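Enquirer: Let's see this in three dimensions:
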Amino acid sequence: MSYIGNAPVFPTESVLPGNLQVTGNATISGSSATVNGNEVRTLGTSGAVVQVVQGTYSTQERTGSNTLIDTGLTATITPTSSSNKILVFVQQSGCYKDSNNTGGTIRLYKGATHLRTFSGNFARSGSTAVNNIGTVSGAFLDSPATTSAVTYKTMYSSVSNSVWVYVQVSSDTSIMTLMEVVA
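Expert: Down below sits the predicted model:
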């Protein structure tokens, strides 16, 4: 047997350890494999996690407007295959409303596209009491159909104009986790 450094070199037609048989032209690079010019899925089965990316943000933000604005929480992932899916987990922390009868809304976006509303009226208590509910959480399975970078973010607003709602109050840390999953 021949070696390059400490790695064995196998002839073009071989049965390799682990039952991988190569006949003809084969390329295995990173997480993709091709045999005779055709992509094969030997490196990941459906449901396997290919990569995980996490974004965090802990700066207190507030708004008194019913117009959506960024919470500051974002995460970007570059899918390895256009057929894979992205599982998005959000923990929007420090959700709080001021002393008026209102609530806030938390929404997930991919770029400028609204994907899901995680809370349409967080912290609303039916009274003018201050209400700190802690965390609004949610998950969403996206099919971005691209191998270009994809950025996800959360946006929020007050349900009633001129009434303050907060995210990351007292510098609580919000977390967004993106998992690329083999389709």
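Enquirer: Which parts of this structure are helices?
Expert: Counting by DSSP state H, the chain forms no helices at all.
Enquirer: Which helix or strand in the chain has the lowest average pLDDT?
Expert: strand 14-16 (a mean of 45; mean pLDDT, DSSP states H and E).
Enquirer: How many neighbouring residues does Val53 have?
Expert: Val53: 15 surrounding residues under other C-beta atoms under 10 Å. C-beta here means a position set from N, CA and C on the backbone, and glycine is covered the same way.
Enquirer: Ok, the one 5 residues further on next?
Expert: Residue crowding around Ser58 was assessed by other C-beta under 10 Å; the count is 15.
Enquirer: excluding its backbone neighbours, what's nearest it?
Expert: Excluding the flanking residues, the one nearest Ser58 by C-beta to C-beta, 6 or more residues apart in numbering is Thr173, at 4.2 Å.
Enquirer: Report the contact partners of that neighbour.
Expert: 56-58, 93 (C-beta atoms under 8 Å, 6 or more residues apart in numbering).
Enquirer: repeat for Gly120
Expert: Gly120 makes contacts with 103, 105, 159, as judged by C-beta under 8 Å, 6+ apart.
Enquirer: try 10 Å
Expert: For Gly120, the contact set (C-beta atoms under 10 Å, 6 or more residues apart in numbering) comprises 103-107, 159.
Enquirer: again with Gly134
Expert: Applying C-beta under 10 Å, 6+ apart to Gly134 gives the contacts 91-96, 122-123, 169, 172.
Enquirer: Now with 7 Å, please.
Expert: Residues near Gly134 by C-beta atoms under 7 Å, 6 or more residues apart in numbering: 93, 95.
Enquirer: Let's see the pLDDT reported for it.
Expert: Note on Gly134: pLDDT of 79.
Enquirer: Look up which residues are beta-bridged to it.
Expert: Beta-bridge partners recorded for Gly134 (DSSP bridges): Cys95.
Enquirer: got a winner among the contacts of Gly120 for most neighbours?
Expert: If you count neighbours using other C-beta under 10 Å, the busiest of the contacts of Gly120 is Gly104, which has 29 neighbours.
Enquirer: Compute the distance between that one and Phe89, please.
Expert: 20 Å (C-beta to C-beta, to the nearest Å).
Enquirer: Please apply the same query to Phe118.
Expert: Distance of Phe118 to Phe89, given as C-beta to C-beta: 11 Å.
Enquirer: Settle it for me: which of the two has more neighbours?
Expert: Shown here are Phe118 and Phe89; by other C-beta under 10 Å, Phe118 has more neighbours (21 against 15).
Enquirer: for that one, what are its contacts?
Expert: Contacts for Phe118 (C-beta under 7 Å, 6+ apart) come out as 90, 92, 106-108, 136, 138.
Enquirer: if you skip the residues just before and after it, what's nearest to it?
Expert: Distances taken as C-beta to C-beta, 6+ apart place Gly138 nearest to Phe118, at 3.7 Å, with adjacent residues excluded.
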